[in-house]
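Novice: dropping a prediction and its sequence here:
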Amino acid sequence: MVDVISSSGWLSLALLAMEVSQMVTQGMWDRDSMLLQLPHFKKELAKKCRENPSKRIETVFVLVEMEDDERRELLQMPDTQLMDIALFCNRFPNIDLNYDVLDSDNVRVGEEFSVHVTLERDLERRTEVGPVDSPRYPKAKEEGWWLVVGDTKTNQLLAIKRVTLQRRSRVKLDFTAPAEAGKKTCTLYFICDSSLGCDQEYNFTIDVKETVDSEDDGGR
Ligand SMILES: *[C@@H]1O[C@H](CO)[C@@H](O)[C@H](O)[C@H]1NC(C)=O
């Protein structure tokens, strides 16, 4: 679905298809609490976390940041189950993304330009990534990602690349500048194909210039 939709250049629909991939892998809806991906979590407990008086706990990352005592108090689980949760959290994708738009103020109308993305995973003392934690999925699933650049104003998908990531990866996304000169805001998305709540999104601006008129070239 993602391939077919992105070859038509439809941004929002491509992002939706990616979310469907996450939902299918985890066996849940995007309206469900993301915490239901965790072992031993039921709807009531997710609700209790969301309504936690000192701080709303709605994502894996916020749960991880809690003080141990506070989390123990909130979850009310035996140690073996807390251990399962800690293991899950250590394996949950925690990825640093840095990007660089090459020559961002010297992009010419209709010409190719690129964005370099560096991805680095916090492996938490592990050496390998291993399959996704997805007990409701009938097969072992390897984690994959999409890097997407799009224009939300026109709903256009400008570039897409499928990425797999162990510890570190550098990816180059090439695309064609718009046909009109002027400043333009693009959005870079880093979307997981298998877990909810670990996607990233960044806006950047490019300044598209008119191509140099060949008559000004001189000397021809
Ligand atoms: C990017 O820009 C869009 C449209 O202006 C906005 O809705 C969105 O929140 C921005 N995202 C980030 C991460 O700043």
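Specialist: Yep, it's here.

Novice: can you find the helix or strand of the chain with the lowest average pLDDT?
Specialist: Among the helices and strands of the chain, strand 107-108 carries the lowest confidence by mean pLDDT, DSSP states H and E, at a mean of 88.

Novice: check the offset of it from the chain's centre.
Specialist: Strand 107-108 sits 27 Å away from the centroid of its parent chain (Cα atoms, centre = their mean, to the nearest Å).

Novice: show me what counts as buried in stretch 89-97.
Specialist: Within stretch 89-97, the residues that count as buried by 16 or more other Cβ atoms under 10 Å are 91-95. For glycine as for every other residue, the C-beta is placed from the backbone atoms N, C-alpha and C.

Novice: hmm, back to that, just checking: what are the partner strands of the least confident helix or strand of the chain?
Specialist: Pairing partners of strand 107-108, with direction, according to DSSP bridges: strand 200-209 (parallel).

Novice: re earlier: next secondary structure after the least confident helix or strand of the chain?
Specialist: strand 112-121 (DSSP states H and E).

Novice: which strands and helices sit next to the next helix or strand along the chain from that next one?
Specialist: Next helix or strand after strand 112-121 toward the C-terminus (DSSP H and E): strand 145-151. Judged by 3 or more Cβ pairs under 8 Å, 6 or more residues apart in numbering; DSSP states H and E, strand 145-151 is in contact with helix 11-26, strand 156-163, strand 168-176, strand 182-192.

Novice: at 10 Å what do you get?
Specialist: With contacts taken as 3 or more Cβ pairs under 10 Å, 6 or more residues apart in numbering; DSSP states H and E, strand 145-151 sits against helix 2-7, helix 11-26, strand 95-101, strand 112-121, strand 156-163, strand 168-176, strand 182-192, strand 200-209.

Novice: tell me the angle the fourth one makes with strand 156-163.
Specialist: Read that as strand 112-121. With axes from the mean of the first three to the mean of the last three Cα atoms, to 10 degrees applied, the angle from strand 112-121 to strand 156-163 works out at 40 degrees.

Novice: same thing with the last one?
Specialist: Taking the same axes, to 10 degrees, strand 200-209 and strand 156-163 form an angle of 130 degrees between their directions.

Novice: which one of the helices and strands packed on strand 145-151 lies nearest to the ligand?
Specialist: Of all these, strand 200-209 sits nearest to the ligand, with 3.7 Å by Cβ to the nearest ligand atom.

Novice: stretch 111-118: how far from the chain's middle?
Specialist: Distance, stretch centre to chain centre, for stretch 111-118: 18 Å (Cα atoms, centre = their mean).
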